[in-house]
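**Student:** Just need the structure, nothing else, for what follows:
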Amino acid sequence: MRRAGFIVLYYVSWAAFAAVGLLLNLACAPLLLAPRRRARARSVRSWIRFLFDLWVRWFHASKVLHIRWRGFDRPLTAGTVYVANHPTLLDATFLLARLPDAICIFKPALMHNPAIGPAAVMAGYVSGRDPLEILVSAADEVAHGRSLLIFPEGTRTGPGSVLEPLKHGFAFVAHRGRAPVQLILIEASDGLVPRGRPWWLPPRQLPAKMTITLDERWDYDATREPRQLSAEVEQRMLAGLRKRAPS
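**Tutor:** Next up, the predicted model:
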């Protein structure tokens, strides 16, 4: 009976997310045609952050998911490339609830989705079909003081894996944008919307748990090549996740 109650709350959580997301995108859609659209981007990002934070608070209040934040008592700075592993579908929403003035990279198909795209476009999220153009645009945004949230695995971590091989794009963005890189490590309960598991299947463990840790930081160093930075971040990320993984 207890698990059944949590399953109901789990579905209520997603229904609330969908309803609020739809209202936000309906509100943003007319703004796409308004003049000075870019001037409203920061305000839209603030609303997204506020709404995602409400979702985090709902999970805590309902006890469906307990999120533990480690190290987040330290100040978070904008103009930073925030790099995280990607074990669940929920990672981006929770991190965007905390990171200062953050953007992320969206797939082009999602940017054209009327249920998701208007808010993402208005928020100034980066998208495109040319990978180099995307990275250059992201670096320019970071150089102008925006934070960038990026999952360098490129997709959610595969079943049975601790970490997928990292792509080097985030290091190029940090180098070109003269920005620091901040590592975030995420651990989650088994079955909490990992790759290959649809969102509508409840987690195997309820209440579910997630731990989000603010880990090592690399300040900008003009002499450090992007590939070297990427290798250092991957090594640290892998070591940190293996250390925390259950034996």
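**Student:** Could you use CA atoms for every contact and neighbour count after this?
**Tutor:** Will do.
**Student:** mind checking the end-to-end distance for stretch 210-226?
**Tutor:** 30 Å (C-alpha to C-alpha, to the nearest Å).
**Student:** Stretch 144-152 now?
**Tutor:** Start-to-end, stretch 144-152 (C-alpha to C-alpha) is 22 Å.
**Student:** how far out from the middle of the chain is the strand or helix carrying residue 134?
**Tutor:** Under the criterion of DSSP states H and E, residue 134 resides in helix 131-143. The chain centre lies 17 Å from the centre of helix 131-143; the measure is C-alpha atoms, centre = their mean, to the nearest Å.
**Student:** can I get the CA coordinates of the helix or strand where residue 51 lies in PDB?
**Tutor:** If you go by DSSP H and E, residue 51 is part of helix 41-62. Written as PDB, here are the backbone C-alpha positions of helix 41-62 (Å, rounded to 0.1, in the frame of the first residue of the first chain):
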ATOM      1  CA  ALA A  41      15.900  35.800 -22.200                       C
ATOM      2  CA  ARG A  42      17.300  36.400 -18.600                       C
ATOM      3  CA  SER A  43      13.800  36.900 -17.300                       C
ATOM      4  CA  VAL A  44      12.600  33.600 -18.900                       C
ATOM      5  CA  ARG A  45      15.600  31.800 -17.500                       C
ATOM      6  CA  SER A  46      14.700  33.100 -14.000                       C
ATOM      7  CA  TRP A  47      11.100  31.800 -14.400                       C
ATOM      8  CA  ILE A  48      12.400  28.400 -15.600                       C
ATOM      9  CA  ARG A  49      14.700  28.200 -12.600                       C
ATOM     10  CA  PHE A  50      11.900  29.200 -10.200                       C
ATOM     11  CA  LEU A  51       9.500  26.600 -11.600                       C
ATOM     12  CA  PHE A  52      12.100  23.800 -11.600                       C
ATOM     13  CA  ASP A  53      12.900  24.700  -8.000                       C
ATOM     14  CA  LEU A  54       9.200  24.300  -7.100                       C
ATOM     15  CA  TRP A  55       9.300  20.900  -8.700                       C
ATOM     16  CA  VAL A  56      12.300  20.000  -6.500                       C
ATOM     17  CA  ARG A  57      10.400  21.300  -3.500                       C
ATOM     18  CA  TRP A  58       7.400  19.200  -4.400                       C
ATOM     19  CA  PHE A  59       9.500  16.000  -4.600                       C
ATOM     20  CA  HIS A  60      10.800  16.700  -1.100                       C
ATOM     21  CA  ALA A  61       7.300  17.600   0.300                       C
ATOM     22  CA  SER A  62       5.700  14.500  -1.200                       C
END
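**Student:** In it, which residues are buried?
**Tutor:** Of all the residues in helix 41-62, those buried under the rule 16 or more other C-alpha atoms under 10 Å are 41-42, 44-49, 51-53, 55-56, 58-59.
**Student:** go on, stretch 174-186?
**Tutor:** Buried-residue list, stretch 174-186, by 16+ other C-alpha under 10 Å: 174-186.
**Student:** And stretch 30-42, by the same measure?
**Tutor:** Judged by neighbour count using 16+ other C-alpha under 10 Å, the buried positions of stretch 30-42 are 31, 41-42.
**Student:** Which SSE is immediately downstream of the lengthiest strand in the chain?
**Tutor:** For the chain, the strand that runs over the most residues, judged by DSSP state E, is strand 208-218. Of the helices and strands lying after strand 208-218 in sequence (DSSP H and E), the nearest is helix 226-244.
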